[in-house]
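K.L.:
I need the structure of the sequence given here:
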Amino acid sequence: MFSVFWKKYSLLVWLGAILIMGFLATSLASYWVSRDQIRHSIIDQGLPLTGDNIYSEIQRDVLRPTFISSLMASDTFVRDWILSGEQEPSQIARYLNEVKQEYSAVSSFLVSDKTRHYYYSQGILKTIKETEPRDTWFFRVRDMKQNYEMNLDVDLANNDTVTVFINYRVFDYEGHFIGATGIGVPLESLARVIDDIQKRFNRRVYFVNNQGDIIVSAKTGELHKGSIHELPGITTIADQIINKNTQPTHLEYENAAGRIMLSSRYIPEFNWYLVVEQTEDAEMAKVQQVLAGNIAISALVTALVLLLCLYSVNRFQRRLENVAATDSLTGLLNRHAFELMFEQAVHETHRAKTPLSMILLDIDHFKTINDNHGHLTGDRVIMRVARLLENSLRNGDVLCRWGGEEFLILLKQTSLDAAQGVAEKLREVMAAEQFQLGTKTLHITGSFGVAEFGGVETLVHFFARVDRALYLAKSAGRNRIEAVK
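P.N.:
Below is the predicted model of the structure:
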C-alpha cells in the first residue's frame, strides 16, 4: 500500500517537504541565508518545473496528432490504395482532406515510396526526389528504425509555414516499407505556450538549436533574438547549454539586468534546447517585503499548493491514461491497452491452469462500404459493430479495436470449441443487423478467425495464428468462422 502511494505521489510529497523547509529556512535564517535558499529554489525547483510544464504541454499537443498519424499509417484503406497501384488520386485526396477536417489539422499528407508522389488534401502536390534538399526528410524516414518521428520543416501545402510534422512509416501486410504519412501541427502553437508560461511565472522562455540560434520565443513582450553566442553575458555559458543532456542543466550568468539563473534541457523530439531564465533581484525584493509575515501564511499556502497539485496531477493522469488506452472512434481498448490486458490474462491462465482463446474479426467488404458510402458511413458502421460486440460478450471478455475494421477479442477461461461458439453467436448477431442508409438497408457481415493460446507463445505468435485463421475464413468466402490449432 505504501509503495503504491509513494510511487504515485512522491513528487507531491517532495514538493511539500521542500516548500515547508524553504519557509522555515526563510523565517529563521538571516537575509543572506534566505537569499541562498531562494536562489536554490529557483534553480532546482522553479526553472526545472517551468520546463517540465512546457514539455508536458508540448507532449500533450503532439500526443493526439501522433495517435492520428498512427491510425493513418495502419489504415487498411491507405495501404490497399497504395498496393493497388495508386489509382484515382482523388480518393486519397478525399481521405486526407477528411482527416484534416475531422481532426482540425493544419496539414495531412501521404508519400508513396513507389511513385514518390506527395499526396495532400487537394491531390498530388509534387514528386519528391533524392536530389532535392527539401525532400531529404522522406528518405530519412524510410531508413530509420523507429516507426515515427517529429520533424520541424516548412509546409509546401501551406505557403511554406514552419510546421511540426509527425511522420509515420507505412508498411504493407508483409512488413515492407511502402510510404510515409502523417499530419502537421503549426509551430505557432509553441509560441503560444511560451507566452502563457511567461505571463504565469514571469520567466523568460525560448528554444535554441544546436548552433545556438534562438528558434522560438514569446510572441509578445521581451523577445530574445539572434544567437546565444552573441548575447551579452550568456555567451560565456553558451557551450554548456548545448550539451545534449535531457536532464535540466543549471547555470548562471550576469548582464546589465543583474544575475540571471538559467535552466536548459535537450528536447530530442525537436532536436532543440529549452531554456528557462529568471533574475535573482526580483525574488530577493519579494523576500525582503514578506520576511516578517511569511510564517503565518506558509502553512496555508503549502496546503493549498499541495491540494491544487494533487487535483491537477490526478486529473491529468486520468485524462492521459484514458487517451492512451482507448480508441478515439469506438471507445474500445486500443492495441497498447490490449497488450497489457493480454499479459495479465496469460498470468491468470498459468496460475489457474485454464484455457485462453482469441477471436479476430474483420468486417466484410469494408473498403466497398467506404468507397460507395464514404468514410463517415464507414466510421458509423465500425461504431455500430463495436456496440454489437460489446452487448454480446461477457463482462470478463476483453474487446479491442485492433485497427481499421478489425476487432480482437480475448476470451478468458474459454477453450477453442467454446470460442468457436462465441464467434458463431457474434457472426449471427452481425448478419442479423440492418444498417439504414436513408431508404436503403446495408447488411453487415464479418469473417472470424479463432485460436486457443498455446501456453508459452508470445502475443505476436498467438496473433499470427488467429490472423491466419481469419485469412482462411476470408479466402473461403467470408461471413464464416475458421479455427486453427
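
K.L.:
roughly how far does the residue nearest the centre of the chain sit from residue 44?
P.N.:
With distances taken as CA atoms, centre = their mean, the chain has residue 63 as the residue nearest its mean C-alpha position (2.7 Å). Distance, residue 63 to residue 44, by CB to CB, to the nearest Å: 28 Å. For glycine as for every other residue, the C-beta is placed from the backbone atoms N, C-alpha and C.

K.L.:
before we move on, back to that, which strand or helix spans the residue nearest to the centre of the chain?
P.N.:
If you go by DSSP states H and E, residue 63 is part of helix 47-74.

K.L.:
average pLDDT across whichever helix or strand comes after that helix?
P.N.:
Using DSSP H and E, the helix or strand that follows helix 47-74 in sequence is helix 76-83. On average, the pLDDT along helix 76-83 is 95.

K.L.:
now helix 76-83: buried residues?
P.N.:
Across helix 76-83, burial judged by 16 or more other CB atoms under 10 Å covers 76, 77, 78, 79, 81, 82.

K.L.:
how about stretch 395-406?
P.N.:
Buried residues in stretch 395-406, defined by neighbour count with 16+ other CB under 10 Å: 397, 398, 399, 400, 401, 402, 403, 404, 405, 406.

K.L.:
and if you look at stretch 460-471?
P.N.:
Buried residues in stretch 460-471, counted by 16+ other CB under 10 Å: 462, 463, 465, 466, 467, 469, 470, 471.

K.L.:
rewinding a little: check the offset of the helix holding residue 63 from the chain's centre.
P.N.:
Using CA atoms, centre = their mean, to the nearest Å, the mean C-alpha position of helix 47-74 is found 6 Å from that of the whole chain.

K.L.:
same for it, what does it pack against?
P.N.:
strand 148-155, strand 161-171, strand 177-186, helix 188-201, strand 258-267, strand 272-279, helix 294-325 (3 or more CB pairs under 8 Å, 6 or more residues apart in numbering; DSSP states H and E).

K.L.:
of all the ones you listed, which one is nearest residue 39?
P.N.:
Residue 39 lies closest to strand 258-267 among these, at 6.7 Å (CB to CB).

K.L.:
lowest average confidence across the helices and strands packed on helix 47-74, which one?
P.N.:
Minimum mean pLDDT among the helices and strands packed on helix 47-74: helix 294-325, a mean of 65.

K.L.:
next one: the closest residue to residue 235 other than its chain neighbours from residue 465, what distance?
P.N.:
Nearest residue to residue 235 in three dimensions, chain neighbours excluded: residue 229, at 5.5 Å (CB to CB, 6 or more residues apart in numbering). Using CB to CB, we find residue 229 at a distance of 59 Å from residue 465.

K.L.:
separation between residue 433 and residue 37?
P.N.:
Distance, residue 433 to residue 37, by CB to CB: 68 Å.

K.L.:
what's the first-to-last distance across stretch 238-250?
P.N.:
End-to-end distance of stretch 238-250 (CA to CA, to the nearest Å): 12 Å.

K.L.:
just the buried residues of that stretch, please?
P.N.:
Buried, per 16+ other CB under 10 Å, within stretch 238-250: 238, 241, 242, 248, 249.

K.L.:
sorry, back to before: of the buried residues of stretch 460-471, closest to residue 263?
P.N.:
residue 463 (44.9 Å).

K.L.:
dump the residue contacts of the closest one.
P.N.:
358, 360, 408 (CB atoms under 8 Å, 6 or more residues apart in numbering).
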